[in-house]
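> Structure, please.
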Amino acid sequence: MLQNKPRHPEKIKKYNPTTLKKPNWLRVKAPTSKKYFETLDIVKTHNLVTVCQEAACPNIGECWDKKHATFMILGDTCTRACAFCNVKTGKPSGPPDPLEPLNVAKSVLKLGLKHVVVTSVDRDDLKDGGAGQFISTIRYIKELSPGTTIEILTPDFLRKNKNYIDIAVVKPDVFNHNLETVPRIYKQIRPGSNYLESLKLLREVKEFDKTIFTKSGIMIGLGEDYSEIIEVLKDMKKSNIDFVTIGQYLQPSIHHEKVHKFYSPDEFKSLYNYCLNLGFKMISSSPMTRSSYHADEDFEKLKKAI
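Numbering: from 1, shown residues only. So this is what the prediction gives:
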């Protein structure tokens, strides 16, 4: 009998169990609502991939109960191998599905979304890094559901000739690219990526079109020092990022990077206040914060903040 291929072949020999006890404020109930299963049915019907499922997001029950889902384009296999991420890694099986952008747009329409988040795996194997698929997806959503605001969460398009600017041309409402962690541990946590290049992407998108909101986030608990978090936040502000998210890292499996620290709600509140003093237009800082958590509500607040 053939065995299923491991999701993370590069991590299979690593053993990094988290020894810290998960605090009560991070415990969530398994999803059981009717609306959750209705959302699941729509995703399956259109043969879509969501980061909610692939990244084992702890907020999936709450978000899908509201019929909020973050669509993941460019397939389900990532060419990078970040130490924190649960998305399957390896060599993608082929070119992007040409029907994927239209199917995402159809699902947006069927779910009646006022705001949608579209993300992707990294596709270093593609000449444009997958920028064309983002552009097609944005255009189809605007065509089928013109009242829906669009937030994208992109890879870094490293060594892809600044193809992120091509995406900015079709004017998503929010352009998000996560820094993820502090520069000292980038090679360990986010191999194949470059902290300064990620900051450059966000800065250049804002310089290209000041009407596009820029957004970025970090996870904490990966082994960083508090002072390093502060420096990253300062770098974000210098790069004119509008919206920052800060959330607790949770280990997807014993083969991923372990949790080095569980930050308390009070510590997240302290970081929120620091961001507020720096002058960010929008801040989400809590143990359960993820890039697209409450994205629709936060976008409405962001528009009112300008």
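> Cys275 and Pro92, how far apart?
According to C-beta to C-beta, to the nearest Å, Cys275 and Pro92 sit 36 Å apart. No exception for glycine: its C-beta is placed from N, CA and C like everyone else's.
> Okay, and the beta partners of the residue lying closest to Tyr272 once chain neighbours are set aside?
Distances taken as C-beta to C-beta, 6 or more residues apart in numbering place Ser285 nearest to Tyr272, at 4.0 Å, with adjacent residues excluded. On the basis of DSSP bridges, Ser285 is bridged to Ile246.
> what residues are up against Ser285?
244-247, 268-269, 271-272, 275 (C-beta atoms under 8 Å, 6 or more residues apart in numbering).
> ok, the residues you listed vs Asp296, which is closest?
Nearest to Asp296 among these, counting by C-beta to C-beta, is Thr245 at 14.2 Å.
> Give me the spatial nearest neighbour of the closest one, chain neighbours excluded.
Closest residue in space to Thr245, ignoring its immediate chain neighbours: Gly217 at 3.4 Å, by C-beta to C-beta, 6+ apart.
> how much space is there between that neighbour and Lys34?
Relative to Lys34, Gly217 is positioned 31 Å away (C-beta to C-beta).
> Tell me where the stretch 201-306 of the chain has helices.
For the stretch 201-306 of the chain, the helices defined by DSSP state H, counting those that start in this stretch occupy 226-238, 265-278, 295-305.
> For Thr289, find the nearest of those.
Closest among these, once you apply C-beta to C-beta, is helix 265-278, at 7.8 Å.
> Run through who's touching the closest one.
Taking C-beta under 8 Å, 6+ apart as the rule, helix 265-278 contacts 25, 229-230, 233-234, 237, 244, 246, 248, 283, 285-287, 289.
> Drop anything exposed from the residues you listed.
The neighbour-count test (16 or more other C-beta atoms under 10 Å) marks 229, 233, 244, 246, 248, 283, 285-287, 289 as buried among those.
> can I get those residues in CSV with pLDDT and distance to Lys142?
CSV is the format used below for those (pLDDT from 0 to 100; distance: C-beta to C-beta, whole Å):
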residue, pLDDT, distance to Lys142
Ile229, 98, 36
Leu233, 98, 33
Val244, 97, 27
Ile246, 97, 31
Gln248, 96, 35
Ile283, 95, 28
Ser285, 96, 31
Ser286, 93, 32
Pro287, 93, 35
Thr289, 89, 28
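> Tell me the one of those residues nearest Val108?
Using C-beta to C-beta, the buried ones among the contacts of helix 265-278 come closest to Val108 at Thr289, 23.4 Å.
> now the stretch 151-300 of the chain, which segments are flagged as low pLDDT?
Low-confidence segments of the stretch 151-300 of the chain (pLDDT under 70): 293-294.
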